[in-house]
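Enquirer: Could you work out the structure for the sequence below:
(one chain, ligands or ions: 3)
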Amino acid sequence: MPHHPLSRIIEQTASIVVMTDVHGVVEYVNPAFEKVTGYTSDEVLGKNPDFFSSDRQSEEFYAHMWSTLLAGKVYSNNLIHKRKDGSLFHTEITITPLIDDNTDITHFMVIARDISEHIRDKTHPIQHDSLTDLPNRNLFMDRLQQAISKAQHHHRLVAVLFLDLDRFRNINDSLGHTAGDQLLRQLGERFRKTIREGDTIARFGGDEFAILLDDFDSDNSLSLIAQKILNSLAMAFEINSHEIFITASIGISISPHDGDDPDTLLRNADIAMCRARELGKNNFQYYSEAMTAHVFEHLSLENSLRHALERNEFILHYQPQVDTRSGKIFGVEALLRWQHPELGLVMPNHFISLLEETGLIEPVGIWVLETACKQSRQWHQSGIGFVHMSVNLSSRQFNNRHFIASLQNIIKETQVNPQYLELELTESMLMRNTSSIITALKNLNALGVRFAIDDFGTGYSSLNYLRRFPIDTIKIDRAFIRDITHDTDDRAICSAIIGMTQSLSLKVIAEGVETHAQLDILKTKECHYIQGNVFSPAVPAAKITQMLADQLLI
Ligand code: C2E
Ligand code: MG
Ligand code: MG
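Expert: Ligands and ions are numbered 1, 2, ... in the order given. You can find the predicted model right below:
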């Protein structure tokens, strides 16, 4: 450029100026271009300006632009361009064809103004949450839609993590809303630092957050991210010189597996989050079981199971057993869970059979008995009183010669009242080798413990063993309860089981009762003991302790 005042204007203006030849090859860019885009002039001279177009404009858009320009007309529009670092910016662009004396086009002059700030000012408040400044639900849904469309095209996965704080209301109630707001702001900051640059974290309002991940290489890395987010909460928050600890529950859904539109994905992540919360909070769950199973296959499960016991990764949850006449909890069933560092809380159907195959069920089973008995004892000591404790036994434990001695030991050390300890056996365990089973049962019975038949009705139900074995309780399998409101066969089977237990003076518990309709039918059939989600799912020790303590006050 000659050193003419005009060229100085071009050098110093804040607008981007680009000059190309008639084919669009760049001949000149001004310093404003370098500053805004991050490219130096050496990097772009002789090139086509494609490098700084984003894929936000369609081919038709460019076709229209070129037809306008080649007709010798000025073209102007608002566009989205891409900087050298990949980030996008909005421009208001005017392209003027330069025409020589023969009315031929020799050059194009592009003048563009960066209007990102302006657009941001206009749209920011309606797309961002004013408290945390994170994207809000609207913006999240837009980005999710975009991510899904892009992923479909490339056959890739998109994941939504839905996060809800555990017990946030307590903080609002006890420290006030201003403190709650401060906490949310600090949380937003921590989350932002935890996720990667390109990922979106949004606040949906209240204590709900959602995270969009569209660039992960395996389900395994998803688990790691979820765990990382939970870990980011481990350090206390300081609010008004109070130390506050908070945990969260996360649900994960993955497109296209769990839905291929934003609403479905979000709803399913929400369902998974509720499950995570029911399962004891401070963990994450995948929406689909299949996904959990899939993740499982990729881990050397056996190896991690071997370490689970020594790493204290097993925990017990307790599901109440309720007497519907009084509405009170009379007992609980101890149910095993595995708090896996990557998978979150894992349910027993995923690992019990492997524990059995590997023989690990024996030490783990002892741990279960010990833990349940200690819990029983603690309730007794703390004034809650005697609570019936049911513990599941696997056939392998039951057939182990040393089992009786171990149990005797546990009873002695924990000083539980064995009358309140009930061992759950399945029908199939009783069908094998009857005489040795009778001996085992009799020996155990001599210790004072009781027996229940679990999942009754699914095995080779034989009235014979009910008479011959010292059984106290029958648990009707949930398969018969499920359709009891409309399946007349199931209803007849339940009636028969209940009638039979009455005539044999056995206690009968209906398992897996989920609705009040089921409950009403069971009541009319005089089955008063129930266990099921209609009352409560299995919950962590602290929660069941609270429930037991609460009912003392009634
Ligand atoms: P189970 O002994 O028949 O336990 C009842 C199962 O039904 C539990 O599943 C419980 O969470 C579930 N359940 C209870 N109420 C409802 C309801 O209303 N709806 C539905 N859909 N389900 C309900 P969970 O905890 O997944 O345990 C599954 C099985 O794993 C148990 O079945 C038991 O056979 C085995 N298991 C659990 N803990 C242990 C253990 O410590 N040792 C051994 N050997 N087996 C265990
Ligand atoms: Mg059971
Ligand atoms: Mg059962």
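Enquirer: For the residue nearest the centre of the chain, give me its contacts.
Expert: What sits nearest the mean C-alpha location of the chain, by CA atoms, centre = their mean, is Gly251, with 2.2 Å. By CB atoms under 8 Å, 6 or more residues apart in numbering, the residues touching Gly251 are 161-162, 268-276, 284-287. All C-beta spots, glycine's among them, are computed from the backbone N, C-alpha and C.
Enquirer: Do you have the helices of the stretch 251-400 of the chain handy? List them.
Expert: Using DSSP state H, counting those that start in this stretch, the helices assigned to the stretch 251-400 of the chain run over residues 262-278, 289-297, 301-308, 352-358, 361-381, 395-398.
Enquirer: For these, could you give me JSON lines that also reports mean pLDDT and mean neighbour count?
Expert: Listed next are the helices of the stretch 251-400 of the chain as JSON lines, based on pLDDT from 0 to 100; neighbours: other CB atoms under 10 Å:
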{"stretch": "helix 262-278", "mean pLDDT": "89", "mean neighbour count": "20"}
{"stretch": "helix 289-297", "mean pLDDT": "59", "mean neighbour count": "15"}
{"stretch": "helix 301-308", "mean pLDDT": "81", "mean neighbour count": "15"}
{"stretch": "helix 352-358", "mean pLDDT": "82", "mean neighbour count": "15"}
{"stretch": "helix 361-381", "mean pLDDT": "96", "mean neighbour count": "19"}
{"stretch": "helix 395-398", "mean pLDDT": "85", "mean neighbour count": "19"}
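Enquirer: What part of the chain, helix or strand, is modelled with the least confidence?
Expert: helix 289-297 (a mean of 59; mean pLDDT, DSSP states H and E).
Enquirer: and of the contacts of Gly251, the nearest to ligand 3?
Expert: Distance to ligand 3 across those (CB to the ion) is lowest for Arg275, with 19.4 Å.
Enquirer: my guess is that closest one meets Phe284, correct?
Expert: No - the pair Arg275 / Phe284 is not scored as a contact, 9.7 Å apart, by CB atoms under 8 Å.
Enquirer: Spell out which residues make up each domain of the protein.
Expert: Following automatic domain parsing, the chain resolves into domains at 7-119, 128-287, 308-552.
Enquirer: can you list these in TSV and add distance to Glu302?
Expert: Shown next, in TSV, are these (distance: least, CB to CB, whole Å):
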stretch	distance to Glu302
domain 7-119	43
domain 128-287	17
domain 308-552	6
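Enquirer: Out of these, the one nearest ligand 1 is which?
Expert: Evaluated with CB to the nearest ligand atom, the domains of the chain place domain 308-552 nearest to ligand 1, the distance being 3.3 Å.
Enquirer: Could you report the neighbour count for Phe284?
Expert: The tally of other residues near Phe284 (other CB atoms under 10 Å) stands at 28.
Enquirer: Could you measure from it over to Leu175?
Expert: For Phe284, the distance to Leu175 equals 27 Å [CB to CB, to the nearest Å].
Enquirer: How about Leu6?
Expert: For Leu6, the distance to Leu175 equals 65 Å [CB to CB].
Enquirer: Repeat that for Ser382.
Expert: Here the criterion is CB to CB. By it, Ser382 lies 29 Å from Leu175.
Enquirer: again with Lys543
Expert: Distance from Lys543 to Leu175, by CB to CB: 23 Å.
Enquirer: and what of Ser241?
Expert: Distance check for Ser241 against Leu175: by CB to CB, it reads 11 Å.
Enquirer: With neighbour numbers in mind, choose between these two.
Expert: Ranked by neighbour count (other CB under 10 Å), Ser241 and Leu175 place Leu175 first, with 16 against 5.
Enquirer: list the contacts for that one?
Expert: Neighbouring residues of Leu175 by CB under 8 Å, 6+ apart: Ile239, Asn240, His242, Ile244.
Enquirer: Those residues into a markdown table, with extra columns for distance to ligand 3 and pLDDT?
Expert: Converted to a markdown table, the contacts of Leu175 look like this (distance: CB to the ion, whole Å; pLDDT from 0 to 100):
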| residue | distance to ligand 3 | pLDDT |
| --- | --- | --- |
| Ile239 | 45 | 87 |
| Asn240 | 49 | 84 |
| His242 | 44 | 83 |
| Ile244 | 40 | 85 |
